[in-house]
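Undergrad: sequence isn't available, so here's the structure alone:
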Ligand SMILES: Cc1cc2nc3c(=O)[nH]c(=O)nc-3n(C[C@H](O)[C@H](O)[C@H](O)COP(=O)(O)OP(=O)(O)OC[C@H]3O[C@@H](n4cnc5c(N)ncnc54)[C@H](O)[C@@H]3O)c2cc1C
């Protein structure tokens, strides 16, 4: 059996790695001349910038991959004991993520704190409920609006009132094994003493992981070779590229939904139409240098706040990256972002970072992603109609969790299923 993989981002690369572990024949095609997809690191004026994900959790799955690839010496762990902040009423407040912070935070009034304790008495998600409705019903207005909503929806750039539980946070809770009270689940986790894996990256950025994966399997991955079309070959598929046609038994698509739709048009037009329904939010990444001296992981900005960035990651502080801070811009935080030149977007975001933190900042680099993050908005109800024909599989962030640990798990599970067939 030969498996054809379309795309060599972290999903495609970790799938190739897992299939090689299962001794399966695999051939992968990547449109760009470098592997990694959105997991991309750059050096600009000597500084490491992460154009996509900023850091990972060092899960056991990731650790064993790092050892397989001989990357242990380049691994860096970050200091995630530092606070995360949220913008509220003109200043930055600590997000209460620990018991100590929950008691001491100024973000919630005493009544707001007490309201959270009622959560175990409330029901699980209700059919048709939005993330906004769920969070308010479970934790009260203050916690929902001041930090829980921004904490979850800020990742995707979609306002909580536009996200349906069943297709967004509900799936994340289910994956984590939470089917009743979130608070009791957190309490059990704290009592069990089980530690959350530390935050990590590599000396030259996360791109070291994808480069390492590519180099380990370079003979099976064709870079600079976009798949132009997928054809049904009766008992398998044909992947059509500029270089010729590759006949495979199974195809795995790791490309974003709009690209997958174009590639599958001739195989299954209904499936292609379903894939076209999924919305993604564009994201602007603006890297700034600043002397901000406060320790922190970053700062969230609730949707609707009067700040023109949706948040920032403080790479200088928790990853010890030389004065580098990453600002995020989406159409919710800056409706004019698509009309702005990179230079203007950089200047605007640096000024907004300064308003947010009080520290002067100047832009170093701007990168835009479109498509960026899956929006997990109401368009995600199309998941109900996503049915792939035999031999065709998706291993992409719209069918599983978008975080890197989720991508690695998804790839390993699929490799196991393909090898059992
Ligand atoms: C801005 C941003 C920040 C993020 N931050 C974090 C974070 O901090 N932590 C975390 O865990 N996750 C984070 N994520 C999520 C995570 O990075 C992504 O979900 C994950 O990297 C997606 O990987 P992928 O391989 O599924 O898709 P992609 O990286 O999109 O890979 C798809 C690949 O397919 C290729 N391709 C496209 N068309 C074709 C074609 N026709 N033929 C062949 N190849 C093709 C593309 O070039 C690309 O390399 C972030 C995502 C974004 C966008």
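TA: Here it is on my side, so go on. Source: prediction; values computed, not measured.
Undergrad: quick check: residues of this structure near the ligand?
TA: When proximity is defined by C-beta under 6 Å from any ligand atom, the chain lies next to the ligand at 6-12, 29-32, 37-39, 52-56, 226-227, 254-256, 259, 283, 285, 369, 372-373, 396-397, 402-404, 407. Backbone N, C-alpha and C define where each C-beta goes, glycine included.
Undergrad: residue 169 contacts residue 130, correct?
TA: No - the pair residue 169 / residue 130 is not scored as a contact, 9.5 Å apart, by C-beta atoms under 8 Å.
Undergrad: joint contacts of these two?
TA: Counting by C-beta atoms under 8 Å, 6 or more residues apart in numbering, the residues touching both residue 169 and residue 130 are residue 163.
Undergrad: quick one, what contacts residue 113?
TA: Neighbour list for residue 113: 102, 103 [criterion: C-beta under 8 Å, 6+ apart].
Undergrad: now with 10 Å?
TA: Applying C-beta atoms under 10 Å, 6 or more residues apart in numbering to residue 113 gives the contacts 96, 102, 103, 105, 107, 140, 142, 143.
Undergrad: switch those over to CSV; also include neighbour count, distance to residue 328 and pLDDT.
TA: Shown next, in CSV, are those (neighbours: other C-beta atoms under 10 Å; distance: C-beta to C-beta, whole Å; pLDDT from 0 to 100):
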residue, neighbour count, distance to residue 328, pLDDT
96, 23, 22, 92
102, 16, 26, 83
103, 9, 30, 84
105, 20, 23, 88
107, 22, 21, 95
140, 22, 27, 97
142, 19, 24, 96
143, 22, 23, 95
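Undergrad: how about TSV for these, with secondary structure added?
TA: Written out in TSV, the entries for those read as follows (DSSP: H, G, I helix; E, B strand; the rest coil):
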residue	secondary structure
96	coil
102	helix
103	helix
105	coil
107	coil
140	coil
142	helix
143	helix
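Undergrad: the ligand: which of those is nearest?
TA: residue 96 (21.5 Å; C-beta to the nearest ligand atom).
Undergrad: my guess is the closest one meets residue 102, correct?
TA: Yes - with contact defined as C-beta atoms under 10 Å, residue 96 and residue 102 form a contacting pair (4.0 Å).
Undergrad: between those two, which contacts overlap?
TA: 108, 113, 116, 143.
Undergrad: confidence score at residue 192?
TA: Residue 192 carries a pLDDT value of 85.
Undergrad: can you tell me the element the closest residue to the ligand within the stretch 251-400 of the chain falls in?
TA: Minimum separation of the stretch 251-400 of the chain from the ligand (C-beta to the nearest ligand atom) falls at residue 397, amounting to 3.7 Å. In this assignment (DSSP states H and E), residue 397 forms part of neither any helix nor any strand.
Undergrad: residues in contact with the spatially closest residue to it that is not a sequence neighbour?
TA: The spatially closest residue to residue 397, leaving aside those adjacent along the chain, is residue 374, at 5.9 Å (C-beta to C-beta, 6 or more residues apart in numbering). With contacts taken as C-beta under 10 Å, 6+ apart, residue 374 has the following neighbours: 155-158, 167-168, 256-257, 278-281, 380, 396-399, 402.
Undergrad: so which of those residues sit within strands?
TA: Those of the contacts of residue 374 mapping onto strands are 280, 281, per DSSP state E.
Undergrad: give the residue farthest from the middle of the chain.
TA: If you look at how far each residue of the chain sits from its centre, by C-alpha atoms, centre = their mean, the farthest one is residue 234, at 35.8 Å.
Undergrad: the top strand by length along the chain pairs with which strands, and in what direction?
TA: Across the chain, the strand with the greatest residue count (assigned by DSSP E) is strand 361-374. Strands that pair with strand 361-374, judged by DSSP bridges, come out as strand 280-290 (antiparallel).
Undergrad: circling back: need the pLDDT of the residue of the stretch 251-400 of the chain closest to the ligand.
TA: Model confidence at residue 397 (pLDDT) stands at 84.
Undergrad: could you double-check that it sits in contact with residue 257?
TA: Yes - counting by C-beta under 10 Å, residue 397 sits close enough to residue 257 to count as a contact (9.4 Å).
Undergrad: what do the two both touch?
TA: Counting by C-beta under 10 Å, 6+ apart, the shared contacts of residue 397 and residue 257 are 280, 374.
Undergrad: re earlier: tell me how far the residue nearest to residue 397 lies from residue 7.
TA: According to C-beta to C-beta, to the nearest Å, residue 374 stands 15 Å off from residue 7.
Undergrad: show me where the stretch 251-400 of the chain has its helices.
TA: Counting by DSSP state H, counting those that start in this stretch, the stretch 251-400 of the chain has these helices, from start to end: 257-264, 269-275, 315-318, 342-357.
Undergrad: what's the shortest one packed up against?
TA: Contact partners of helix 315-318 among helices and strands, from 3 or more C-beta pairs under 10 Å, 6 or more residues apart in numbering; DSSP states H and E: strand 47-50, strand 199-202, strand 280-290, strand 298-300, strand 324-329.
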